[in-house]
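*Asks:* When you get a sec, could you give me coordinates for this:
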Amino acid sequence: MDGQDRDAYLAAAAANLTFNAPLGEQRAAELVRRLAPTGAGWRALDLGCGNGELLLRLCEAHGIDGDGIERDAAGARLRATERGLSDRVTFHSADAATWDRPADLVVNVGAGHIWGDAARALAALHRLTAPGGKLLFADGFYQASPGDQVREIFGDRPGLGALARLAVDAGFRPLHVAVSTLAEWDDFESDWRAGIECLGTPQARAFADQRRDEYLDGYRDVVGFGWLILTPA
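*Replies:* The predicted model follows:
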């Protein structure tokens, strides 16, 4: 498979998702509630925002402005326009690793790889989270010992406790720590594959089959996804 085909499959998978992470509607609403501003004049920042859905919900719910950063933000800008939020939320087509303007409410979901690993991501995000602000950092972790195939796919990952300690080492205090449920994972993986199935080609189906086997026979119940709400210490 060449890179162009893989990019097309990943785009098709993402297009079929509300959130490109194991995140259900109940948890999304709870995160929005917990991320409410604690002062006036807050601004939000989502680094690696994908389609912008979570940022739009945060800005809409709390009446704040925000910036979303994604290499290709065209889809997120269209979503903001359709929701009547383009005057409040600005989406930038850029490398999130180059962004240097802090915000009060910072979001980084499943995009810590922008900086290389969780430790470096948290250090960079600490510089971008204003004093007294909040960071939502969500990333994968190992909740059971991975086999060689799973480790080859996901690389080195900490456990959940170690992930929280990395946040503390970076200068944060954890306010809330939670993990995606297995049901959220199952829905995410099924919907992800369904987007590729819609392409209808034998090659796309083979790619979806490979992902299904990797999940069901490999990382289901081995790789977790943690949701950490943090504040600078």
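*Asks:* the strands in the protein, which residues?
*Replies:* For the chain, the strands defined by DSSP state E occupy 43-47, 65-70, 89-93, 103-109, 129-142, 172-179, 223-232.
*Asks:* I'd like the distance between residue 25 and residue 193.
*Replies:* 20 Å (C-beta to C-beta, to the nearest Å). For every residue, glycine as well, the C-beta is placed using N, CA and C.
*Asks:* Can you get me a residue count around the residue lying closest to residue 113 once chain neighbours are set aside?
*Replies:* In space, residue 113 comes closest to residue 121 once its chain neighbours are excluded; the distance is 7.7 Å by C-beta to C-beta, 6 or more residues apart in numbering. For residue 121, the tally of surrounding residues (other C-beta atoms under 10 Å) stands at 23.
*Asks:* How about residue 22?
*Replies:* Residue 22 has 25 nearby residues by other C-beta under 10 Å.
*Asks:* residue contacts, it?
*Replies:* 180, 181, 184, 185, 187, 188, 189, 225 (C-beta atoms under 8 Å, 6 or more residues apart in numbering).
*Asks:* what's the longest helix in this structure?
*Replies:* For the chain, the longest helix by residue count, based on DSSP state H, is helix 182-197.
*Asks:* now what about that helix, what contacts it?
*Replies:* So helix 182-197 is contacted by 9, 12-17, 19, 21-24, 27, 180, 204-205, 207-208, 211-212, 215, 220-221, 225 (C-beta under 8 Å, 6+ apart).
*Asks:* what's the answer for stretch 164-173, then?
*Replies:* By C-beta under 8 Å, 6+ apart, the surrounding residues in contact with stretch 164-173 are 118-119, 122-123, 125-126, 129, 135, 137, 158, 174, 177, 226, 228, 230-233.
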